[in-house]
Each structure stands twice: as C-alpha cells, then as structure tokens.
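>>> Give me coordinates for this.
(3 chains)
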Amino acid sequence: MTQVALEGVGLTRQFGGFVALDGVNIALKRGEIRGLIGPNGAGKSTLIDVLSGRAKNRRGRVMLNGEDVSELSPQQRRKRGMARSFQRTNIFPELTVGQQLRVASWAVADPDIAEVMNELNLAALADRSAGDISYGDQRRLDLALALVGRPQVLLLDEPAAGLTVEESLALARTLRDLVNRWNVTVLLVEHDMQVVFAICDRLTVLHLGRFLSEGSCAEIRADPTVVAAYLGTQA
Amino acid sequence: MSTIAQGSIILRPHKIGATVAILLVGAAALAVGFALPLILQSKIAMSLFAQALFDALLATSVGFLFLQNGRISFGQAAFSGLGGYAFGILVARGLVGSEVALLIALLLPTLVAFLLGLVIARVSGVAHAMLTLAVGQAFYEVAFRWRELAKGDDGMSFDLPARIFGLSSRGLQDPAFMVALAWSILVVVLVALALFARSRIGMVTAAIRDNEERARFLGYSTTLPRALVYALAAFIAAIAGILQASYNGYIAPQVFHWTVSGYALIMAILGGAKFIVGPAVGAVALFYVKELAGQVAEYWPAIVGGALVLVTLTMPQGIIGVLRLLWLRRVRQ
Amino acid sequence: MLIQVLNGVVYGALLYLLAVGLVLIFGLREVVNFAHGALFMVGAYIGFSVAAAGYWWGGLLVSVVAMGAIGGMLDAAVFRTLREQDPMVTVLVTFGLLLILETVVTAIWGKAYLRYPMPAILSGTVTIAGSPFPVYRLFVIAVSIVVAISLSAWLRFTRVGLYIRAASTDARVAAIQGINVDRLSLIVVGLGTALAGLSGVVAGPLLTLSPTMGSYILIDSFIVVVIGGLGSFAGAFVAALLIGQIHNFGAIYLPWAATILPFLLMVAILIWRPTGLAGSRA
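Below is the predicted model of the structure:
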C-alpha cells in the first residue's frame, strides 16, 4: 500500500466566471488526520466535493491509493475505499436508522454495523425513522453512513455542524478513537477549531480557492498569513 | 412518516415474525378468495368485482412504482395494454402455443419497461409525469392506427385457446372462476411486493428513492435498481392487461388511453400509494362508488377529479393512511 | 409541397400558443399546468358560444378575456396556495381540474362534436405556389407570429417584462429585491391561460369541438415544451414548428412515425438533459 493515501493535484473548479478552486494540491499520508480550514468561501467544501467525485466542471487529478480516480463516479470511489459525510445532513428520511446502516453495509460486502452504531450512540434509535430523530442524531447518522465498512479514506464535511459544544467534542473523541483504531486517513473540514485541534495531526489552509498554508496545528496557529486571512477576509 | 417495511401491515413486528405474518395474512386472504363466488352470488356482481380486481392490479402497479421509485407515472396503461395486446394477437393468430403466448405477453412489457427505466432513471417529478403521459398516448396512437395488427380503433375480439397449462380456458371467461383467479393473483402479488419491500433489493431501492445521491456515495449504482422497479411494476400491469383481455376476449386501443392510466393513478392515490394494499383498496372503493353513483355517473370524471384534488390536498396518505392513523390513535388510548 | 409545409406550420402555430402559456407558467411558478389543454378546450367552447350567435371576433375577445380571468383565479386559488409544496402536488391537482373541466363542458355543451364557424373575411383561399390555400390558415400563422413578436418585445423592453424574466430566473431573489412575485404571477398565469384560450378559438374552425379536444394537443404541447426547453420561448417556437411538421408530414406519409417520432425526441432530450428542463432553468 502506498504511503500517500489520497492526493489531489492541480485541482481547479470554476462555474461561470467564479473560480471556486484554483490549482490546489494536497497529499495525505496513510493514517493521517488532516484538518482543512480557511475563512468562509475558501473552497473547503468544494475541495471535498471534487475529491469525492461530486463536482463536475473540474480540472486536475485525484489519486486514491496511488490510482487515478479522477474520472470515476462516487460509487466507484466508494468501492475503492473512499467515503464521505456531508455538511447538509444527507440521510434517508423514510428508512429507519438500522435499515439505512444495513443498506450501507451491503454495498461494502456486509460488515457488521453494530460497532458503528454503538460508537456513535445510534443503537437505541435503530428502529426509529431517520426523519423523526433529533438533528444531533441525524448528524451522527450522516457520519455513521460514511463509517460503515471501515473506509480507507474518509472525507468529512463539517461533521459537527450545528452541534452543541459537548456534542462536538464527544464526536471528536469518538472519531479520533475509531480512526486511529482502523488506521483511516481523514480529511476533515471544520469551522469549530476546538474539534480541529482535538483530532487533527496537520492542517491545510485554503483562502479564496487557493492553497495558503500547511503545517502542524501549532505551526498554523502561529502563521501570520493564516491569521491575516481570517481577520482580513470580508466574505 | 410510514416506513416502507410496514407496508401493508399496520403492526410493527420484528424481522422473521413480520415475514411469517405477511405470509399468514396472505394465506388467509387466499382462502377468502375461494369464498368470494359464494359471497357475491350473482354473475353480474362477480363480473363487476372481477373488473374491479383488474383495476386493482393496474393501480397496484402504479402505486408500486411510486412506493419504490418515488416516481409518478401517467402512462402505466401502456404496459397493461401491451400485455393484453400481445396475448390477444398471439392467440388470435395462433403463432405460438397458449403458454408461450402468455409468457411473451408477460415478458414483453416487462422488458420494454426495463429498457425504458434504464433510459429515464434520471428523470423525475414533473418531467417524468409528462414523459409517461406521452408514452401511454404513443402506444394508444399506434394501436389506433395500426389496422393490420389488431384492426386499429375498431378493436379486435379473439377466441381463447382451448387449453392453457393443460386446463380448459373456459374458466377464464366465467365470472366465478375469474373472480377467484384474479383475487388470488392480486393477493399473491401484494404478498410478493410486501416481501420485496423487506428484502435487500427492496430496501436498496427505497434508499435510492429517498436519497439517490447518498445511495451513490454509499457505493450503489442507481440506474439498474430503478430499472428493475420499472420492470416489476410493468409485470404487474401486464398481468392486469392479460386477465382483462382474456376475460373480455377483446382488445381495443382504449386500453392504452391516458384516462385508464390517469384513473389507475387516482385509485392509487385515493387508497394510499405509500401502502402496498393502498392502491388495490382505492381501486375497489372507486369502482364501487362508481357503480353506486348511478345517475350521477354522467359527471363521473368530475367526481374522480374532485376526489383527486381533495385527497391530494387534505389526506395525501390516502384511505389506508387515514385508517392507520385512526388505529394508532385508538392503540394509544 | 409548400402547401404541406405550410399546413405543418399551422399546427405548429397552435402548439406554439399553447406552449408559450406553459413556459410562462412554469417560469414563474415552477409548475406544469396539466389542465392547460382543458383550458384550451374551454376557451374554444366559450368563443364558440359567442361565435355561434354571429359574433366571431366577439367570440375571440370574450374568450381571451374570460380565459385570462380564469387563469388569474387559477393562479390565486391553486398555484399560489401550493407554491411551497412539491410541484407534483400541483400537477395532480391540475390533473383533477382537467377532469372537472371536461365534465363541466360536457354538461353545458354536450358531448357531440360541434362545428366552429369561420369568419366571413377569412374564409377565402389564396393561391400559393399554384395551389389554393385557405386564408384562415394564414391567419392562424399570422396570429402566432404576432404573439411571438409581441411577447418577445414585451419581455425585453418593458419593466414588467424585466420583472418576469428576473422572477423566472430566481423567484426568491426577485422577491427580496422587492418584486411582488404573486402579483406578477397573476398577470403571467392569466396571460398564459388567455393564450390557451386564443389558441382554442383560433383552432376552433380547424378542428371539431369536443370535450376531449384538449388532451391530444396537451400531450403534443408537453412534447414541444420539453424538446424546446421548459424555460425557453425561442426553444418552444422552434420545437413547435418541428413538431408541427412531423405531425403533418407523418399524417400523410408515415402515420406511425408521426406518433413515435415526437415521443422519441422527447425521450432523447430527457436523456441528454435528464433534469428535462433546459432554457433559463437548470
């Protein structure tokens, strides 16, 4: 297995005249947990979309475990071990929690869903319709759907969005545990800096669609260009 | 709010228990079927009920497509008509044995629907409604004009083959026999659909219906499962068409008309398309309301149209949905 | 040959008038009015009642005005009330309305086919390329062209037209900018329905009147609108001409091709653009 689990080379996305991503390069080592941060409009979600195959109109290459997956559909990328969660909760409202996790498990050769359900406190909700549970539960379900099958590479788009401080930190801890146990490579977009610093090894910073900086949490905290970007950016 | 696994069963049973429950209910329903001729007594009553059952099958086809694919079809009559026509024409021309004719009449619409399903898998909502309306009418227009095939708009009567599967075919045009047969087939179809909904492929298609994008990100190709549902729905429609054509010994372009599709859709909505038995209930209900309407039958389309508007706006969950709500309320007390 | 083409253009003109109404309504309300064909039919019958009394042009005027009013009521009662819901709800409700309208017309005018009188001025023929061609058919083509040009001009050069184009592109943003989308819709749906009425009256002398006359042309206009792109007037124009030609030539040379071809085109377009709807809406 290659050392670089996920790599994006020259990723660019534009629609109309607007350039959402401009020649971004990123490379994640196996088992790494990388935070993706940047002010609003930096292109973080777009990068996740491009890496996961959700975005059209893009240039550049995406390499998964050394294989060029740029032209592959999301289904094909999942089969090759890449999973993602969504910023806007993307679950199956009319299936029960248990049913949709099972559906998720069948797509990846039927592993046991009990572990994921227990780790994310969803076991008690197994027979509840996903449309009826609380927002926080739905966020965890969104994440759980991505975790089923122990993907090798995990792209998480603001998993803690809308969660309370306690919920966010609990989620962060759970995530850190699972990810280390399974040796998953993670790219995490998150606004909540407490979550970011709690689980990330390294950070990549984007600004206005471009790569700005990269380094350890301490390095990035101290990086003046990053601070300036956050303070100086209007939108 | 209703989970598809609950389907036709109002209770919330557990796994294997549910499958057994479905089968038991089905067996009981089958038994009722054999008592039907006794209950209905007169040939006219039986004939009417048989017709209601044909409607119920087509309505179930429409409802199933909505339930498992989330798609509303205004042209399901294309497949029931195709089934009836295929059977009638093959039998009338004596091209193949009666069993083979039956097989072809069942498989042709299924195959056509499957191919169509592959093509229109990504078309939903309003565009889907317009497209299916056009499909149904296209079949109607072709049948209307193609005189060499089945006498165009005059329609064509045909004699049933003497024997089918070794049994005399005369039963097919006997009201008592047809009522029992159609009822049994309907029960089997509904049980099969209930089991389908609980099966893996059923849940996968339900997931795709719920959130196609996420289903893709889970690793599923969504086109094939959708096409499969189109095929199954068409299969059920074909059964309805074949039964009707056999019973009447007659096929005419009218079977493809958009009003047939439209009414089947309304029956499904009236009964509650999210429930497996809903469409059948809606069909029988509507059928008998029409019979009772008597003089008012002049204004029947308006009544149906009005019912559609009313149900869509005030009780979209349909008759079964309302019954279920009332039952749940009683249980809570 | 030219005559055949012109006949095709005539049917295309009728389709265009209907398609325009659908596009207008869809642009603003994002719904497809399944009752549109029935409204075409009602317009024809209303015009007929007046025309049969001897006032052909009066019939046209009354019908257009009446249908405009009915369209406004439809918008207020149905489209506005249901705008927050899934568009399919509106489709189903308008489908129910279709059935109700057909019954109402049958109750008032009966099921028998009726003959719509032709106005005296337009009942002659003109010689085109050596063959006689009914003046009335040229009139139909002319009406459609006038509507096409007026509509384009209105949308492009007037303030209301600008608001309509803005609201058609993004109703929410338009509303934020202070455009009263509901009032605009009233006008637009009223106009679209009036055009359906116009099409009905103008089609009257060409087709025979029956309560079901709306359904066939509705399906054709759906095909036109999907092929042309549901948001696009220009597309509707071109598609209407195309379908008109297929319909006409097909009727003469290859009846089945006439039925299957438009449908195949529709499927092809929907495969190519699976959202089904090109033009100003993605």
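>>> How many residues are close by B:A28?
By other Cβ atoms under 10 Å in any protein chain shown, 10 other residues sit near B:A28. No exception for glycine: its C-beta is placed from N, CA and C like everyone else's.
>>> and the strand or helix carrying it, what other elements does it pack with?
Here B:A28 sits within helix B:15-40, counting by DSSP states H and E. With contacts defined as 3 or more Cβ pairs under 8 Å, 6 or more residues apart in numbering or on different chains; DSSP states H and E, helix B:15-40 has these neighbours: helix B:43-69, helix B:175-198.
>>> Pick the most buried one from the ones you listed.
helix B:43-69 (a mean of 25; mean count of other Cβ atoms under 10 Å in any protein chain shown).
>>> tell me the angle of the helix or strand following that helix relative to helix B:43-69?
Next helix or strand after helix B:43-69 toward the C-terminus (DSSP H and E): helix B:77-93. For helix B:77-93 against helix B:43-69, the angle by axes from the mean of the first three to the mean of the last three Cα atoms, to 10 degrees is 130 degrees.
>>> Give the buried residues for helix B:77-93.
Across helix B:77-93, burial judged by 16 or more other Cβ atoms under 10 Å in any protein chain shown covers B:77-92.
>>> Do any residues in it lie close to chain C?
No: using Cβ under 8 Å from any Cβ of the partner chain, helix B:77-93 stays clear of chain C, with a minimum separation of 10.9 Å.
>>> per-domain residue ranges of chain A.
A:1-81+A:151-235, A:86-150 (automatic domain parsing).
>>> CSV for those, including mean pLDDT, distance to C:W154 and mean neighbour count?
Output for the domains of chain A, formatted as CSV (pLDDT from 0 to 100; distance: least, Cβ to Cβ, whole Å; neighbours: other Cβ atoms under 10 Å in any protein chain shown):
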stretch, mean pLDDT, distance to C:W154, mean neighbour count
domain A:1-81+A:151-235, 88, 28, 18
domain A:86-150, 91, 39, 20
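>>> Just the mean pLDDT for stretch B:175-190, thanks.
The average of the pLDDT scores along stretch B:175-190 is 92.
>>> in the chain, which spans are helices?
All of this is about chain A. Secondary structure of chain A (DSSP state H): helices at A:44-52, A:74-79, A:97-107, A:114-119, A:135-147, A:165-182, A:193-199, A:217-222, A:224-232.
>>> wrong one, I was asking about chain C
Under DSSP H, chain C gives helices at C:2-29, C:36-52, C:56-74, C:87-109, C:135-157, C:159-169, C:171-176, C:181-203, C:213-228, C:233-252, C:255-272.
>>> Dump those into CSV; add distance to chain A as well.
Shown next, in CSV, are the helices of chain C (distance: least, Cβ to the nearest Cβ, whole Å):
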stretch, distance to chain A
helix C:2-29, 21
helix C:36-52, 32
helix C:56-74, 32
helix C:87-109, 16
helix C:135-157, 22
helix C:159-169, 13
helix C:171-176, 15
helix C:181-203, 24
helix C:213-228, 23
helix C:233-252, 21
helix C:255-272, 15
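>>> which stretch in these has the least confidence?
Among these, helix C:171-176 scores lowest, at a mean of 72.
>>> name the helices or strands packed onto that one?
Using 3+ Cβ pairs under 8 Å, 6+ apart, helix C:171-176 sits against helix C:159-169, helix C:181-203.
>>> What angle do helix C:2-29 and the longest one make with each other?
To tie it back to what came earlier, the one meant is helix C:181-203. Using the same axes, to 10 degrees: helix C:181-203 against helix C:2-29 is 160 degrees.
>>> Could I get the buried residue list for helix C:181-203?
Applying 16+ other Cβ under 10 Å to helix C:181-203 flags C:181, C:184-203 as buried.
>>> picking up where we left off before, and the domains of chain A: which comes nearest C:L24?
The closest of the domains of chain A to C:L24 is domain A:1-81+A:151-235. By Cβ to Cβ, the value is 25.9 Å.
>>> now check that closest one, is it near chain B?
Yes: Domain A:1-81+A:151-235 lies within reach of chain B by Cβ under 8 Å from any Cβ, at A:52, A:54, A:73-75, A:78-79.
>>> residue in chain A nearest to chain C?
Per Cβ to the nearest Cβ, A:F15 is where chain A lies closest to chain C, at 10.7 Å.
>>> what pairs with that residue across the strands?
Under DSSP bridges, the beta-bridge partners of A:F15 are A:F18.
>>> picking that back up, out of the buried residues of helix B:77-93, who's nearest chain A?
B:F79 (26.1 Å).
>>> ok, the closest one - contacts?
B:61, B:109-110, B:112-113, B:233-234, B:237-238, B:241 (Cβ atoms under 8 Å, 6 or more residues apart in numbering or on different chains).
>>> what's the burial count for C:V146?
C:V146 has 10 nearby residues by other Cβ under 10 Å.
>>> Then C:I121?
11.
>>> Enumerate every residue touching the spatially most central residue of chain A.
Centroid check for chain A by Cα atoms, centre = their mean gives A:L156 as the closest residue, at 1.4 Å. If you count contacts by Cβ under 8 Å, 6+ apart, A:L156 has them with A:84-85, A:143, A:146, A:175, A:186-190.
>>> neighbours of whichever residue of chain B sits closest to chain A, just the number please.
For chain B, the residue closest to chain A is B:G219, as judged by Cβ to the nearest Cβ, at 3.6 Å. Counted by other Cβ under 10 Å, the residues lying close to B:G219 total 23.
>>> Is B:I164 bridged to anything, and to what?
Those that pair with B:I164 in a beta bridge, by DSSP bridges, are B:L167.
>>> nearest spatial neighbour of the residue of the stretch 101-250 of chain C at minimum distance from chain B, skipping sequence neighbours?
Closest residue of the stretch 101-250 of chain C to chain B, Cβ to the nearest Cβ: C:T103 (3.4 Å). Leaving out its chain neighbours, the residue that sits closest to C:T103 by Cβ to Cβ, 6 or more residues apart in numbering or on different chains is B:A302, at 3.4 Å.
>>> Sweet, I'm off.
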